[in-house]
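Q: sequence isn't available, so here's the structure alone:
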């Protein structure tokens, strides 16, 4: 009975975090205006969910993020939507599979990496004030590097055509995006995961909700 209650609470917690992901993905709240660019915050609840509920929850939340991205790029396509929506593929079934990997698979990696990294820090008894921002930064960079790296490896030709540049220029454009967008997003994630994560961990404890790192320490 106790195990069933635990599983139910875990599923409810995941569902609540998934709802936050969906809200952020479909409203302006999912973007923070920085001096030069807009930084996404949709991956923040994915990272926090992985910290609170473990890598499996992180994978589920990452998949929700990815599906939202897939739908957005299908309903409101942009110049690079071919890399995120299987329905916008210009290279048939193979291109569709690649797009699903980038939109969904890469986002699942956020939660998986963040969850396992936090578990490692807990086992090493790293202080929360250090662990939370590091996991936030790393989780965000996993998103940027996995997505942009996959675009480079899987869609370099199409990316070059979309940006109207030679294929040899793609690497520079990819690295430019990682630097200009990925690093500010990662810094933002580090700050928000520290601020929100510490509060939510305490809240979960008070509400007797399942917290992954507490189970590890038992």
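A: Alright, I've got the coordinates. Note that the structure is a prediction, hence the values are computed from the model and not measured.

Q: only C-alpha atoms from now on, for both contacts and neighbour counts.
A: OK.

Q: quick one: contacts for the spatially most central residue of the chain?
A: When Cα atoms, centre = their mean is applied to the chain, the residue found nearest the centroid is residue 43 (3.7 Å). By Cα atoms under 8 Å, 6 or more residues apart in numbering, the contact set of residue 43 is 21, 62, 65, 110, 140, 143.

Q: measure it to residue 161 for me?
A: Using Cα to Cα, to the nearest Å, residue 43 is found at 29 Å from residue 161.

Q: cool, and residue 64?
A: For residue 64, the distance to residue 161 equals 30 Å [Cα to Cα].

Q: quick one: which of those two has more around it?
A: residue 64 (22 against 13; other Cα atoms under 10 Å).

Q: could you say which helix or strand contains the more buried one?
A: Assigned by DSSP states H and E, residue 64 falls within helix 55-75.

Q: which parts of that helix are buried?
A: Judged by neighbour count (16 or more other Cα atoms under 10 Å), helix 55-75 contains these buried residues: 55-74.

Q: just stretch 74-87 next, same as before
A: Within stretch 74-87, the residues that count as buried by 16+ other Cα under 10 Å are 74, 80-87.

Q: one more: stretch 149-157?
A: Using 16+ other Cα under 10 Å as the burial criterion, the residues of stretch 149-157 that qualify are 149-152, 154-157.

Q: which residues are contacting stretch 186-193?
A: For stretch 186-193, using Cα under 8 Å, 6+ apart, the contacting residues are 39, 41, 44, 47-48, 132-141.

Q: of the residues you listed, which pair is most distant in space?
A: 39 and 132 (19.2 Å; Cα to Cα).

Q: more neighbours, the two?
A: The neighbour comparison of residue 39 against residue 132 (other Cα under 10 Å) goes to residue 132, with 29 against 21.

Q: which one of the contacts of stretch 186-193 has the most neighbours?
A: Highest neighbour count within those, by other Cα under 10 Å: residue 47, with 35 neighbours.

Q: isn't that residue up against residue 138?
A: No: under the criterion of Cα atoms under 8 Å, residue 47 makes no contact with residue 138, lying 9.5 Å away.

Q: what do these two both touch?
A: Common neighbours of residue 47 and residue 138 (criterion: Cα under 8 Å, 6+ apart): residue 114.

Q: what's the spacing between the longest helix seen in the chain and its chain's center?
A: For the chain, the longest helix by residue count, based on DSSP state H, is helix 128-163. For helix 128-163, the separation from the chain centroid amounts to 9 Å (computed by Cα atoms, centre = their mean, to the nearest Å).

Q: what do you get for stretch 112-120?
A: 13 Å.

Q: in this protein, which spans are helices?
A: Secondary structure of the chain by DSSP H: the helices cover 2-25, 43-53, 55-75, 92-100, 106-123, 128-163, 170-177, 183-206, 212-217.

Q: so of those helices, which one's packed in deepest?
A: Of the helices of the chain, the one with the most neighbours on average (mean count of other Cα atoms under 10 Å) is helix 43-53, at a mean of 30.

Q: angle of it against helix 183-206?
A: Here the directions of helix 43-53 and helix 183-206 differ by 40 degrees (axes from the mean of the first three to the mean of the last three Cα atoms, to 10 degrees).

Q: could you check the angle helix 55-75 makes with helix 43-53?
A: Going by the same axes, to 10 degrees, helix 43-53 makes 160 degrees with helix 55-75.

Q: quick check: mean pLDDT across helix 43-53?
A: Helix 43-53 carries an average pLDDT of 95.
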